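Visitor: I'd like to go over a predicted model; first the sequence, then the structure.
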Amino acid sequence: DQSLRTLAQRHGLAIGTAVDMAALDDPADPRYRQLAASEFSTVTAENVMKWESLEPTRGTYNWGPADRLLAFAEQNNQRVRGHVLVWHNQLPGWLTSGVADGSISDTELRDILRRHITAVVTHFKGRIWQWDVVNEAVSDPWDTPSTLHYKGFWAEHLGPGYIADAFRWARAADPHALLFYNDYNIEAFGSRDPANDKTQFVYDMAKSLLAQRVPIDGIGSQGHLGTQYGNFDTFQVAEALRRFAGLGLATAFTEVDVRSQLTEGVQAGDSNEINPRLQASAANFSALLRACLAEKHCLSFTVWGFTDKHSWVPGWFSDPPEGLATIYDENYQPKRAYQEMKADL
Ligand code: XIL
């Protein structure tokens, strides 16, 4: 058995994927389910544990799809990363409109958040390995103002103290789950803008949370990369993991994909144009995986979808069009990135 999960097991590393429940449930697409089971030892819900999916109508939780993912994981001896408890995106309409029209006050909002975290963590109690408790709370250097700050819906309404609260509420509901802060653009220190270093900001945040005895166990580095931004090397990435480990925190790569721009004239069959992109994509998957292998507190390496047939990239990055971000092509043929990961393992 030469699957990624078997090879990674020798290193004590879990290899994961985000799972698209529509694809998993599609009887016309059996390969998706087969590969999700055979290649990976951990799974993440791509969407079905987000607030808008779990509680589309106020007071009525829809656990079905997430419960089915957990059953799949248990059948296949996989661990589960819970994603996500607190995030500014994919919130239910009743919540955002209630806040916008003033029918939900900020005091009530904090209470709603506490009850949501408690309900969700309690529902899945004992079955989640790592929870993404807070996701993407920090701005990027390209935002305005470029000075890094706590951004988005929750910080605007509750102030940055919601982060400590969220971890405490999650710990109270399931004391055995590992609690993660998860974000993108934190793969290396100073990688995009040394003056506004998001990795350093998250490091300082984690340090201060720990100093306040907030129950945070790990930092999730999403790893959404693009070949147009150049290549990471293993050393700079390992250095970032090592510094987080120095705080006493675990780390994980939680959403790795490496997309490319599909410039005019580039088509799937056009190997002269495609090959350099596939090589660059593979090199970045490899840099992150090797860094994780080199750092024993790096617990898992999760890709955000494993096939270009079911990847969020073309739908999300469409101007200019981007794609080719995963380790299998649209026909489930392994790409350079898959081979490179195998070679690293
Ligand atoms: C994405 C999903 O892949 C899409 O299907 C959805 O439409 C939008 O969200 N960071 C995260 C993930 O933490 O939850 C996002 O997932 C991708 C970026």
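Guide: Received, thanks.
Visitor: assign residue 52 to helix, strand or coil.
Guide: Here residue 52 takes the helix state, with states given by DSSP: H, G, I helix; E, B strand; the rest coil.
Visitor: contacts only, for it.
Guide: Contacts for residue 52 were tallied using Cβ atoms under 8 Å, 6 or more residues apart in numbering; they are 90, 91, 92, 93. All C-beta spots, glycine's among them, are computed from the backbone N, C-alpha and C.
Visitor: could you tell me how many residues sit around the last one?
Guide: Using other Cβ atoms under 10 Å, the number of residues around residue 93 comes to 11.
Visitor: now do it, the pLDDT please.
Guide: Residue 93 carries a pLDDT value of 98.
Visitor: related to what we said a few turns ago, how about the contacts of residue 52 in CSV, adding distance to the ligand and secondary structure?
Guide: What follows is these, written out as CSV (distance: Cβ to the nearest ligand atom, whole Å; DSSP: H, G, I helix; E, B strand; the rest coil):
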residue, distance to the ligand, secondary structure
90, 6, coil
91, 12, coil
92, 15, coil
93, 15, helix
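Visitor: which among those end up buried?
Guide: Using 16 or more other Cβ atoms under 10 Å as the burial test, the contacts of residue 52 include 91, 92 as buried.
Visitor: helices or strands up against the strand or helix carrying residue 299?
Guide: Secondary structure from DSSP states H and E places residue 299 in strand 298-303. When contacts are defined as 3 or more Cβ pairs under 8 Å, 6 or more residues apart in numbering; DSSP states H and E, strand 298-303 packs onto strand 14-19, strand 42-45, strand 79-86, strand 250-261, helix 271-294.
Visitor: what about it and the ligand, any contact?
Guide: No. Using Cβ under 6 Å from any ligand atom, strand 298-303 never reaches the ligand; the gap is at least 11.1 Å.
Visitor: tell me the mean pLDDT over stretch 317-324?
Guide: On average, stretch 317-324 scores 93.
Visitor: got the buried residues for stretch 253-263?
Guide: Buried-residue list, stretch 253-263, by 16+ other Cβ under 10 Å: 253, 254, 255, 256, 257, 258, 259, 260, 261, 262.
Visitor: contact residues of the stretch 151-300 of the chain facing the ligand?
Guide: Checking the stretch 151-300 of the chain against the ligand by Cβ under 6 Å from any ligand atom, the hits are 222, 255.
Visitor: output the below-cut-off pLDDT ranges for the protein.
Guide: Scanning the chain for pLDDT under 70 picks out 264-273.
Visitor: now do the residue of it at minimum distance from the ligand against residue 18, distance only.
Guide: Closest approach between the chain and the ligand, counting by Cβ to the nearest ligand atom: residue 312, at 3.3 Å. Taking Cβ to Cβ, to the nearest Å as the measure, residue 312 falls 8 Å from residue 18.
Visitor: show me which of those two is the more surrounded one.
Guide: residue 18 (25 against 19).
Visitor: ok, residue 143 - how many residues close by?
Guide: When neighbours are counted by other Cβ under 10 Å, residue 143 comes out with 13.
Visitor: just the helices in the stretch 101-250 of the chain please.
Guide: Assigned by DSSP state H, counting those that start in this stretch, the helices in the stretch 101-250 of the chain fall at 106-123, 152-158, 162-173, 198-211, 234-246.
Visitor: could you dump the first one to CSV, C-alpha only?
Guide: This means helix 106-123. The C-alpha trace of helix 106-123 is given here as CSV (Å, rounded to 0.1, in the frame of the first residue of the first chain):
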residue,chain,number,x,y,z
ASP,A,106,-23.8,43.3,20.4
THR,A,107,-24.5,42.0,23.9
GLU,A,108,-27.0,39.4,22.4
LEU,A,109,-24.5,38.7,19.6
ARG,A,110,-21.8,37.6,22.1
ASP,A,111,-24.4,35.4,23.8
ILE,A,112,-25.4,33.9,20.4
LEU,A,113,-21.7,33.1,19.7
ARG,A,114,-21.2,31.5,23.1
ARG,A,115,-24.3,29.3,22.6
HIS,A,116,-23.3,28.4,19.0
ILE,A,117,-19.8,27.3,20.0
THR,A,118,-21.2,25.3,22.9
ALA,A,119,-23.9,23.6,20.8
VAL,A,120,-21.5,22.7,18.0
VAL,A,121,-18.6,21.5,20.1
THR,A,122,-21.0,19.5,22.3
HIS,A,123,-22.7,17.9,19.4
